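A.B. asks: the sequence and its predicted three-dimensional model are supplied below.
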Amino acid sequence: MEDFTKKFSLAGKVAWVTGATYGLGFGYATAFAQAGAKVVFNDISQDKVDMGLKAYAELGIDAKGYVCDVTNEEQVQATLKKIEEEVGVVDVLVNNAGIIKRIPMTDMTVEQWRQVIDVDLNAPFIVSKAVIPGMIKKGHGKIINICSMMSELGRETVSAYAAAKGGLKMLTRNICSEYGAYNIQCNGIGPGYIATPQTAPLREKQPDGSMHPFDSFIRAKTPAGRWGTPEDLQGTAVFLASDASDFINGQIIYVDGGILAYIGKQP
Ligand code: NAP
Ligand code: GCO
């Protein structure tokens with residue numbers, strides 16, 4: 001009988017995780033390395049790339065880092081050329097790089113709106129468009145878009161982010177539709193509320209030492225009663241990057257501790 005677990009291996013795969021110096025991207029990349037992949041990441045500045053290389057090396061991971069702003073198509077194409085020359089053709093792409101601006105919509109400037117849409121929606125288009133031809137030539141590919149609960153729900157002050165993440169859900173489905181015939185699977189991960197630098201402002205202790213109201217709110221809304229960690233997402237990421245998910249396409253897997261299924265703890 002074939003060893004079923006081999007399907008979860010990433011041995012020999014080249015995996016590019018965008019914006020993976022720290023946070024969720026770092027979690028995906030370290031899991032990919034443990035599953036056998038050659039890991040590539042990028043960040044906006046050399047300082048951040050160097051910080052990431054040091055962090056990966058401390059874990060014994062020989063990651064390759066590149067300075068690349070994912071909103072800049074020229075930089076993305078130049079970076080991909082370097083990756084293909086120095087590491088190999090990309091088998092797995094994780095569109096992880098993202099920003100959020102928490103501003104009431106009527107106070108948000110168009111420039112602020114555009115910045116969020118640029119990183120969270122335009123960039124996944126730019127990077128996916130760059131890697132797909134190589135995946136078609138190779139006869140396989142995996143694209144994982146990091147969506148959000150805001151791909152399904154809104155909340156005050158995150159209009160641009162929710163619009164971008166909602167669009168990213170549909171881009172995921174459209175890449176599936178357009179390139180599934182080339183054995184390319186494009187799926188999304190929808191993390192719930194995860195403890196990373198992006199959500200640190202929502203968990204800061206109050207001046208009197210009490211919990212941030214949003215922290216209490218999320219714990220009450222989450223059946224698991226806690227914030228997620230990057231480690232909570234690693235298994236899903238490896239699964240979607242591996243051969244084990246070859247017949248899954250266009251899906252968003254929510255790793256949210258149950259929030260989306262739950263009305264919330266009674267006060
Ligand atoms: P994070 O801690 O803010 O990290 C974001 C990463 O993206 C940073 O490394 C950042 O680099 C990089 N980045 C931003 N703009 C970039 C650009 N133009 N080019 C290249 N890299 C860029 O965020 P996170 O919490 O790890 O979230 C990662 C992804 O998961 C995001 O797409 C986010 O929307 C999504 N997500 C997060 C949560 C959560 O609760 N944390 C939940 C759902 C979805 P710099 O440090 O140089 O800016
Ligand atoms: C916020 C949070 C969320 C999370 C995540 C939830 O301000 O509501 O930052 O947007 O980051 O996207 O899935």
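C.D. replies: Everything's here; your move. Ligands and ions are numbered 1, 2, ... in the order given.
A.B. asks: hmm, stretch 117-128 in reach of ligand 2?
C.D. replies: No. Legend: contact between stretch 117-128 and ligand 2 by C-beta under 6 Å from any ligand atom is lacking; minimum distance shown is 9.7 Å. Heads up, the C-betas are built off the backbone N, CA and C, glycines and all.
A.B. asks: run the chain-centre distance for that stretch.
C.D. replies: On the basis of C-alpha atoms, centre = their mean, to the nearest Å, stretch 117-128 sits 12 Å off its chain's mean C-alpha point.
A.B. asks: ok, which residues in the stretch 1-150 of the chain are in contact with ligand 2?
C.D. replies: Residues of the stretch 1-150 of the chain that fall close to ligand 2, judged by C-beta under 6 Å from any ligand atom: 100, 102, 148-150.
A.B. asks: for F41, grab phi and psi.
C.D. replies: phi -140, psi 170 (degrees, to the nearest 10).
A.B. asks: touching, it and V14? I think so.
C.D. replies: No. Applying C-beta atoms under 8 Å, one finds F41 not in contact with V14, separated by 11.8 Å.
A.B. asks: who has more neighbours, the two?
C.D. replies: Each of F41 and V14 has its neighbours counted (other C-beta atoms under 10 Å); F41 has more, 28 against 23.
A.B. asks: just the buried members of the residues of the stretch 1-150 of the chain next to ligand 2?
C.D. replies: Using 16 or more other C-beta atoms under 10 Å as the burial test, these include 100, 148-150 as buried.
A.B. asks: may I ask which two of these are separated the most?
C.D. replies: Spatial extent of these (C-beta to C-beta) is set by the pair I100 and M149 at 12.3 Å.
A.B. asks: filter the buried ones among the residues of the stretch 1-150 of the chain next to ligand 2 down to the ones in strands?
C.D. replies: Among those, no member is found in strands (DSSP state E).
A.B. asks: as JSON lines, these with pLDDT would be great.
C.D. replies: As requested, those are exported to JSON lines (pLDDT from 0 to 100):
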{"residue": "I100", "pLDDT": "98"}
{"residue": "S148", "pLDDT": "98"}
{"residue": "M149", "pLDDT": "97"}
{"residue": "M150", "pLDDT": "98"}
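A.B. asks: within reach of ligand 1, which of those are there?
C.D. replies: When contact is defined as C-beta under 6 Å from any ligand atom, those meet ligand 1 at S148.
A.B. asks: relative to ligand 1, which of the buried ones among the residues of the stretch 1-150 of the chain next to ligand 2 is nearest.
C.D. replies: Taking C-beta to the nearest ligand atom as the measure, ligand 1 lies nearest S148 of those, at 3.9 Å.
A.B. asks: what sits closest to the closest one if chain neighbours are left out?
C.D. replies: Excluding its sequence neighbours, the residue lying closest to S148 (C-beta to C-beta, 6 or more residues apart in numbering) is K165, at 4.1 Å.
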